[in-house]
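Visitor: got a predicted model here, sequence first, then my questions.
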Amino acid sequence: MTKAKDFLKAHKMTAEDVNIKEVVSAFLAEMGKGLSGQESSLLMLPTYIEAEGEVKANDPVIAIDAGGTNFRAAKVYFDDNLKLVTEKVQKGKMPGVDEELSKEAFFNTLAVYLQDYINVSDKIGFCFSYAAEIFPNKDGKLLEWSKEIKAPQVVGQMIGKELLKAMQTPGKQLVLMNDTVSTLLAGKAARAVKSYDTYIGFILGTGTNTSYIEANRNITKTEGLNMEGSQIINIESGAFTLAPRTDIDVAFDNTTKNPGRYAFEKMFAGGYFGGLCTVTLKTAAKEGVFADPAAFENLEELSTEEVNKYVHGIEDARNVLPGVFSRESDKLIAAEIIDGLIERAAKLVAANLASVILKTGKGKTHEKPVLMTIEGTTFYKLHGFQVMFENYLNEFLSGENKRYYEIVEVENSSLLGAAIAAIVN
């Protein structure tokens with residue numbers, strides 16, 4: 001083995017160290033516990049949003065998307081041919097990314113962003129990419145922040161209610177949902193001409209999460225549901241705790257804002273992968289893997305974009321580590337370590353989605369596959385990731401686990417799905 005592989009193997013950080021069958025088994029068990037109200041790392045949050053619903057033409061809504069980095073808003077409606085039309089798209093910085101904000105400052109910032117939309121519609125579809133307990137009125141209470149957002153006073157608040165209060169429009173109807181929920185709905189609408197067995201929404205960008213459609217009879221922790229119906233479940237899959245973490249994963253986790261929370265997300269999501277690579281490279285340097293270990297001592301945390309450019313061989317990324325690599329062999333070792341972590345990430349994500357596909361019990365025939373709408377630059381842009389992910393997923397979904405699926409990417413899925421939810425719910 002090479003120095004890089006020896007190092008990764010010693011810390012159990014290779015893809016080979018991930019037993020996908022064990023991870024899937026643990027993930028499915030956590031899903032079951034979460035649905036029944038038992039203690040689980042997977043919150044399995046009911047959304048009260050059905051995937052079915054009648055679309056109305058020329059019924060404009062305000063669609064907003066609070067993501068990991070950006071806040072976007074638009075006017076969205078279906079035209080006479082039931083084609084989605086998006087107008088007046090605006091983008092701003094997600095509040096709480098750069099500095100800590102009070103509750104009042106957080107919601108006032110959002111209200112300022114939305115000033116130009118107040119007269120567009122009385123319906124708002126709000127894609128909110130954070131863990132929230134959704135209530136039957138389709139508003140939601142923030143349970144905790146992820147993606148390093150700094151607005152602690154907002155935790156425990158009803159997001160829709162506080163936003164409408166800040167906008168001074170308490171009479172508007174607001175539907176709050178997670179970004180994976182809106183992604184699922186956008187994919188369903190985009191592929192309406194074909195019949196699928198079920199639908200999954202998956203995000204791998206700054207953070208990660210998954211949603212799927214569950215029969216109400218299986219959501220035993222929630223009373224009063226129509227046992228003949230179904231609804232979309234927000235898994236909050238980034239919080240899964242039973243993946244095989246290593247000493248380096250834990251060391252990196254301890255450098256983040258909320259150590260111990262969203263541990264799965266921190267193993268591969270874009271908001272963290274660069275930091276994980278940085279800690280891993282520094283650890284390798286301390287253990288003598290590189291020719292000049294002292295050069296790593298003052299290395300600042302790399303972004304995921306920087307490490308991705310590095311393994312892509314993009315020249316400007318070679319300047320990210322000035323003076324670190326005095327030898328060509330060290331450059332190759334660093335690239336091999338990063339690529340090794342990407343392959344492990346691909347296998348972990350394959351385990352995540354294999355679990356959800358199996359949980360649906362669908363996709364058993366080629367004629368009616370599962371449609372997975374997948375969004376996020378980390379999924380599509382990370383070096384070699386998608387190919388490795390599909391190889392691991394297809395390998396697992398064979399034999400007794402044989403399932404059929406398709407992957408679709410939908411432009412502006414978070415905004416479009418939010419609009420669809422507001423129109424049909």
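Guide: That came through fine.

Visitor: can you give me the strands in the stretch 301-425 of the chain?
Guide: Assigned strands in the stretch 301-425 of the chain, in chain order: 370-375, 405-408 (criterion: DSSP state E, counting those that start in this stretch).

Visitor: tell me which strands the first one pairs with, and in which orientation.
Guide: Meaning strand 370-375. Applying DSSP bridges, strand 370-375 is found paired with strand 198-204 (parallel), strand 405-408 (parallel).

Visitor: CA-only coordinates of the first one in CSV, if you can.
Guide: So the one you mean is strand 198-204. This file holds the C-alpha atoms of strand 198-204, laid out as CSV (Å, rounded to 0.1, in the frame of the first residue of the first chain):
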residue,chain,number,x,y,z
THR,A,198,-42.5,6.6,-5.1
TYR,A,199,-40.3,9.7,-4.6
ILE,A,200,-37.3,10.7,-2.5
GLY,A,201,-35.7,14.1,-2.1
PHE,A,202,-32.0,14.3,-1.2
ILE,A,203,-29.7,17.3,-0.6
LEU,A,204,-25.9,17.2,-0.5
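
Visitor: what pairs with the very next helix or strand once past it, parallel or antiparallel?
Guide: Following strand 198-204 in sequence order, the next helix or strand is strand 208-215 (DSSP states H and E). Using DSSP bridges, strand 208-215 pairs in its sheet with strand 198-204 (antiparallel), strand 230-234 (antiparallel).

Visitor: let's have these in a markdown table, adding distance to residue 170.
Guide: Quick note: C-beta positions are derived from backbone N, CA and C, even for glycine. Converted to a markdown table, the strands paired with strand 208-215 look like this (distance: least, Cβ to Cβ, whole Å):
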| stretch | distance to residue 170 |
| --- | --- |
| strand 198-204 | 30 |
| strand 230-234 | 26 |
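
Visitor: so residue 62 belongs to a strand, correct?
Guide: Yes. Using DSSP: H, G, I helix; E, B strand; the rest coil, the assignment for residue 62 is a strand.

Visitor: which residues does it bridge with?
Guide: Beta-bridge partners of residue 62, as defined by DSSP bridges: residue 75, residue 124.

Visitor: ok, now which ones touch it?
Guide: 73-76, 114, 117, 120-121, 123-125, 422 (Cβ atoms under 8 Å, 6 or more residues apart in numbering).

Visitor: is the residue most central in space within the chain bridged to anything, and to what?
Guide: Residue closest to the mean C-alpha point of the chain, counted by Cα atoms, centre = their mean, is residue 208 at 2.3 Å. Beta-bridge pairing for residue 208 (DSSP bridges): residue 204.

Visitor: mind checking how far it is from residue 74?
Guide: Look at residue 208 and residue 74: by Cβ to Cβ, to the nearest Å, they are 24 Å apart.

Visitor: for the closest residue to residue 153 other than its chain neighbours, give me the pLDDT.
Guide: The shortest distance from residue 153 to any non-neighbouring residue, by Cβ to Cβ, 6 or more residues apart in numbering, is to residue 103 (3.7 Å). For residue 103, the pLDDT comes out at 95.

Visitor: and for residue 103, the neighbour number?
Guide: Residue 103: 16 surrounding residues under other Cβ atoms under 10 Å.

Visitor: that one is in contact with residue 162, isn't it?
Guide: Yes. With contact defined as Cβ atoms under 8 Å, residue 103 reaches residue 162; the gap is 7.3 Å.

Visitor: quick one on the thing from earlier: what's the residue nearest to residue 153 in contact with, if anything?
Guide: Contacts for residue 103 (Cβ under 8 Å, 6+ apart) come out as 151, 153-154, 157, 162.

Visitor: gap between residue 1 and residue 344?
Guide: Counting by Cβ to Cβ - residue 1 and residue 344 are separated by 16 Å.

Visitor: who has more neighbours, those two?
Guide: residue 344 (24 against 9).

Visitor: my read: that one touches residue 12, true?
Guide: No. Residue 344 is beyond contact range of residue 12, at 9.8 Å (criterion: Cβ under 8 Å).

Visitor: among the strands of the stretch 301-425 of the chain, which is the most enclosed?
Guide: Mean neighbours per residue, mean count of other Cβ atoms under 10 Å, is largest over the strands of the stretch 301-425 of the chain for strand 370-375, with a mean of 25.

Visitor: dump that one to PDB, keeping only the CA atoms.
Guide: C-alpha atoms of strand 370-375 as PDB (Å, rounded to 0.1, in the frame of the first residue of the first chain):
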ATOM      1  CA  VAL A 370     -38.100   5.200  -7.400                       C
ATOM      2  CA  LEU A 371     -37.400   8.800  -8.500                       C
ATOM      3  CA  MET A 372     -34.700  10.400  -6.400                       C
ATOM      4  CA  THR A 373     -34.500  14.200  -6.900                       C
ATOM      5  CA  ILE A 374     -30.900  15.100  -5.800                       C
ATOM      6  CA  GLU A 375     -29.600  18.600  -5.400                       C
END
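
Visitor: any idea of the mean pLDDT for the top helix by length along the chain?
Guide: The residue-count maximum for a helix in the chain (DSSP state H) belongs to helix 328-360. What helix 328-360 shows for mean pLDDT is 95.

Visitor: how distant is it from the center of its chain?
Guide: 16 Å (Cα atoms, centre = their mean, to the nearest Å).

Visitor: what of stretch 96-106?
Guide: With Cα atoms, centre = their mean, you get 22 Å for stretch 96-106.

Visitor: ok, stretch 141-157 next?
Guide: Distance, centroid of stretch 141-157 to centroid of chain: 16 Å (Cα atoms, centre = their mean).

Visitor: let's see that stretch as CSV, backbone CA atoms only.
Guide: Presented in CSV, the C-alpha positions along stretch 141-157 are these (Å, rounded to 0.1, in the frame of the first residue of the first chain):
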residue,chain,number,x,y,z
LYS,A,141,-40.7,25.3,15.4
LEU,A,142,-37.0,25.4,14.9
LEU,A,143,-35.4,22.6,16.9
GLU,A,144,-31.8,23.4,16.3
TRP,A,145,-29.5,25.1,13.8
SER,A,146,-27.1,23.3,11.6
LYS,A,147,-24.6,24.5,8.9
GLU,A,148,-23.0,26.8,11.5
ILE,A,149,-25.9,29.4,11.5
LYS,A,150,-25.5,31.8,14.5
ALA,A,151,-28.9,32.9,15.8
PRO,A,152,-29.5,31.1,19.0
GLN,A,153,-32.6,33.0,20.1
VAL,A,154,-34.5,31.7,17.1
VAL,A,155,-34.3,28.1,18.3
GLY,A,156,-37.7,27.1,19.7
GLN,A,157,-39.5,29.8,17.8
